[in-house]
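J.: Pasted the sequence and its predicted model underneath.
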Amino acid sequence: MKIEDDPLIAIGEVAQRSGVKASALRFYESLGLIEAVRSSSGHRRYHRSCLRRIAFIVFAQRVGFTLEEIAGQLSSLPNRHVPTGGDWQKMSRLWQKRLDERIAELQRLRHGLNQCIGCGCLSMKTCMFANPGDLCAQNGPGPRRWLGDEMPVAQ
Ligand code: FES
């Protein structure tokens with residue numbers, strides 16, 4: 001579909017349909033993530049296909065991409081026609097690795113919420129076995145187990 005054939009809708013309708021507040025839409029626009037055209041009265045109008053871009057932005061953030069990364073990904077989409085399934089398919093390859101990492105992270109969270117997470121607190125009974133003397137700190141900051149580290153080996 002040519003971009004000229006893509007219907008224009010008002011910001012309120014975009015906000016309602018996307019579930020993203022108008023203020024956030026304006027913020028996305030200021031970052032160049034989405035584009036508005038001005039009506040003769042000066043009001044913002046968005047192409048309807050923008051809803052897909054917005055859904056992409058929202059979920060890309062949930063997956064863990066930064067807005068800068070998202071902008072980089074969206075810049076590969078064509079601007080002379082409404083992105084096709086093939087255009088989106090190319091972008092989805094970028095997500096695969098991040099999704100795999102995120103899934104592994106979430107699985108560790110699910111399985112380890114009530115166990116030692118290697119955060120350095122040493123506040124749970126299991127810490128003295130799982131992280132004696134905070135050995136996990138050898139690998140860097142943060143909850144090392146949730147970050148994917150194996151049990152540290154005492155030297
Ligand atoms: S839960 Fe924090 S070091 Fe074990």
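T.: That came through, no problem.
J.: Which parts of this structure belong to which domain?
T.: Annotated domains of the chain cover 3-112, 115-148 [automatic domain parsing].
J.: Of all these, which one comes closest to the ligand?
T.: Set against the ligand and scored by Cβ to the nearest ligand atom, these come closest in domain 115-148, at 3.3 Å. The C-beta positions use only the backbone N, C-alpha and C, and glycine is treated the same way.
J.: quick revisit: determine which stretch of the domains of the chain is the most buried.
T.: domain 115-148 (a mean of 16; mean count of other Cβ atoms under 10 Å).
J.: and that one, is it in reach of the ligand?
T.: Yes - residues of domain 115-148 are located near the ligand by Cβ under 6 Å from any ligand atom, namely Cys116, Ile117, Gly118, Cys119, Gly120, Cys121, Leu122, Ser123, Met124, Cys127, Asn131.
J.: Can you convert those into TSV and add a column each for distance to Ser41 and secondary structure?
T.: Output for those, formatted as TSV (distance: Cβ to Cβ, whole Å; DSSP: H, G, I helix; E, B strand; the rest coil):
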residue	distance to Ser41	secondary structure
Cys116	61	coil
Ile117	55	coil
Gly118	58	coil
Cys119	55	coil
Gly120	58	coil
Cys121	58	coil
Leu122	63	coil
Ser123	60	coil
Met124	61	coil
Cys127	63	helix
Asn131	63	coil
